[in-house]
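**Student:** Any chance you could fold what I've pasted below:
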Amino acid sequence: MDIGVLKISFRIPENESLKGKRQVLKSITSRIRNKFEVAVAEVEDQDVWQIATIGICCISNDKRHTNQVLSHIVNFVEGSHLDVEMLDYEIEILTV
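**Tutor:** Next up, the predicted model:
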């Protein structure tokens, strides 16, 4: 069994409140969940208005498939016309 973890950091330049940040993140996380059927959660920077970090988890029996799903998520977020700027991402695959 392989567990893939993807951590993505965003900057939300037009945001002026935590409420606005939550709305943007809810849109992003629900799109990712619905399209890729993975677990998504905000994992860092909860009290910062213009920075957000989400964690995404995918479980599979094939490392290649796990990496492919997480890479597609990165491409999806980069290609989406959202009001966010992707600052950084990190993929880690663990074999259990």
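
**Student:** Could you identify the longest helix within the protein?
**Tutor:** Ordering each helix of the chain by length in residues (DSSP state H) puts helix 18-36 first.

**Student:** The helix or strand following that helix - which strands sit beside it in the sheet, and in what orientation?
**Tutor:** Once the chain leaves helix 18-36, the next helix or strand it forms, by DSSP states H and E, is strand 39-44. Next to strand 39-44 in the sheet, as set by DSSP bridges, lie strand 51-60 (antiparallel).

**Student:** and the strand it pairs with, which residues are buried?
**Tutor:** Ile51, Ala52, Thr53, Ile54, Ile56, Cys58, Ser60 (16 or more other Cβ atoms under 10 Å). All C-beta atoms are positioned from the backbone trio N, CA, C, and that covers glycine.

**Student:** got JSON lines for those, with pLDDT and distance to Arg33 too?
**Tutor:** Formatted as JSON lines, these follow (pLDDT from 0 to 100; distance: Cβ to Cβ, whole Å):
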{"residue": "Ile51", "pLDDT": "89", "distance to Arg33": "21"}
{"residue": "Ala52", "pLDDT": "88", "distance to Arg33": "16"}
{"residue": "Thr53", "pLDDT": "92", "distance to Arg33": "17"}
{"residue": "Ile54", "pLDDT": "92", "distance to Arg33": "11"}
{"residue": "Ile56", "pLDDT": "95", "distance to Arg33": "9"}
{"residue": "Cys58", "pLDDT": "93", "distance to Arg33": "11"}
{"residue": "Ser60", "pLDDT": "90", "distance to Arg33": "16"}
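
**Student:** From those, pick the one nearest Val43.
**Tutor:** Of all the buried residues of strand 51-60, Val43 sits closest to Thr53, with 5.5 Å by Cβ to Cβ.

**Student:** quick check: angle from the worst-scoring helix or strand of the chain on mean pLDDT to strand 39-44?
**Tutor:** When the helices and strands of the chain are scored by mean pLDDT, DSSP states H and E, helix 18-36 comes last with a mean of 88. Per axes from the mean of the first three to the mean of the last three Cα atoms, to 10 degrees, the angle that helix 18-36 makes with strand 39-44 is 150 degrees.
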